[in-house]
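> Sequence and predicted structure below; questions after.
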Amino acid sequence: MKIGKIIDALEGFAPLPLQDDFDNSGLQVGVTETEATGALLCLDVTEAVVDEAISSGCNLIISHHPLLFTPLKCVTDSDYIGRCVIKAIRNGITIYAAHTNLDNAAQGVNRQIADMLGLTDLAPLQDKGDGNGAGIIGNLPEPVTEVQFLEKLKELFRLSVVKHNGELGRSISKVALCGGSGAFLMKSAAAQGADLFITGEIGFHRMFGFDGIMKLVEIGHYESEQFTIDLLYNKLGELCSGLKLVKTNVKTNPVNYCI
């Protein structure tokens with residue numbers, strides 16, 4: 001199967017027009033008319049990931065986060081982005097990113113998180129039509145205490161620590177979420193009656209102003225999207241039967257915790 005056919009299949013599931021205006025999803029490096037020898041799936045492209053693609057015999061890397069996010073004025077070995085581009089081209093590796101188009105797809109990253117949490121009656125926080133949109137809001141099967149929800153969240157996402165804005169003082173029934181950097185959706189979540197909002201990154205100043213209104217939970221950018229690799233693996237397994245798929249073994253989370 002040619003690389004272009006794999007990209008077509010992926011974009012049928014997560015169309016590029018769904019990406020946010022600031023984004024740079026899509027083909028990053030390389031060619032599409034080459035026969036695919038395998039696809040390495042990852043969240044981030046690093047030099048170690050490119051080396052892993054080479055050693056595993058994959059000439060396609062599919063990442064969630066774009067390697068090329070801002071325009072390049074030059075391609076040199078002075079930073080890791082340039083080194084990744086040079087190494088990929090030298091070794092005939094194509095790099096493709098499915099970022100906010102995969103986040104916003106109806107069956108994409110946020111839907112995967114919602115399903116893990118067992119949410120029902122799902123709807124996008126910001127609708128883009130046909131079930132697609134930014135973030136998701138839904139209901140728990142039955143109300144739980146704040147402590148019960150946070151403990152379940154830690155278990156599901158293998159978290160050693162969870163940041164939140166303090167006690168809400170009531171049970172949790174309606175949950176909103178957005179993988180990655182979803183703080184821009186907090187006001188929308190509150191307006192739609194969410195008891196709790198989960199995302200990867202919020203930041204200090206944005207934690208203010210929701211006391212008694214909505215519980216804010218920050219679990220880490222990488223942690224919120226870690227299962228995107230599984231999503232890509234399962235979907236490409238359905239759409240591209242026979243394609244060799246490899247989940248990265250490289251830890252690309254740049255944030256570490258001392259517990």
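Arrived safely, thanks for sending. As the structure is a prediction and not an experimental result, all values here were calculated from the model. Numbers count the residues shown, from 1 in each chain.

> So which residue is smack in the middle of this protein?
Glu225 (4.1 Å; Cα atoms, centre = their mean).

> Now do the contacts for it.
Residues in contact with Glu225, defined by Cβ atoms under 8 Å, 6 or more residues apart in numbering, are Leu43, His64, Val109, Gly179, Gly180, Gly200. Every residue, glycine included, has its C-beta placed from N, CA and C.

> quick check, nearest of those residues to Leu16?
His64 (14.4 Å; Cβ to Cβ).

> Give me the nearest residue to Val50, chain neighbours excluded.
Lys87 (4.9 Å; Cβ to Cβ, 6 or more residues apart in numbering).

> Name the helix or strand for that neighbour, please.
Assigned by DSSP states H and E, Lys87 belongs to helix 80-90.

> How about the secondary structure of the spatially most distant residue from the centre of the chain?
For the chain, the largest distance from the centre (Cα atoms, centre = their mean) belongs to Gly169, which lies 30.6 Å off. What DSSP: H, G, I helix; E, B strand; the rest coil gives for Gly169 is coil.

> That one contacts Asp211, doesn't it?
No - contact criterion Cβ atoms under 8 Å: Gly169 and Asp211 do not qualify, at 9.4 Å.

> tell me the domain ranges of the chain?
The record's domain parsing of the chain by automatic domain parsing lists 3-98+226-247, 106-218.

> Tell me which of those domains lies nearest to Cys258.
It is, among the domains of the chain and with distance given as Cβ to Cβ, domain 106-218, at 9.9 Å.

> Quick one: mean pLDDT over that closest one.
The pLDDT scores in domain 106-218 average 97.

> Distance of Phe227 relative to Gly118?
Going from Phe227 to Gly118 by Cβ to Cβ, to the nearest Å gives 15 Å.

> His99 against Leu68, yeah?
No - taking contacts as Cβ under 8 Å, His99 lies outside contact range of Leu68: 11.1 Å.

> the more surrounded of the two?
Shown here are His99 and Leu68; by other Cβ atoms under 10 Å, His99 has more neighbours (24 against 18).

> ok, now which ones touch the more buried one?
By Cβ under 8 Å, 6+ apart, the contact list for His99 reads Gln19, Asp23, Asn24, Ser25, His64, His65, Pro66.

> Adding distance to Ile81, write those out as CSV.
Output for the contacts of His99, formatted as CSV (distance: Cβ to Cβ, whole Å):
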residue, distance to Ile81
Gln19, 20
Asp23, 16
Asn24, 12
Ser25, 16
His64, 16
His65, 12
Pro66, 10
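
> Closest to Lys73 out of those?
Asn24 (15.2 Å).

> which SS state does the closest one fall under?
Assigned with three-state DSSP, Asn24 falls in the coil class.

> Name all residues that make contact with it.
Contacts of Asn24 by Cβ under 8 Å, 6+ apart are Pro66, Leu68, Phe69, Thr70, Ala97, His99.
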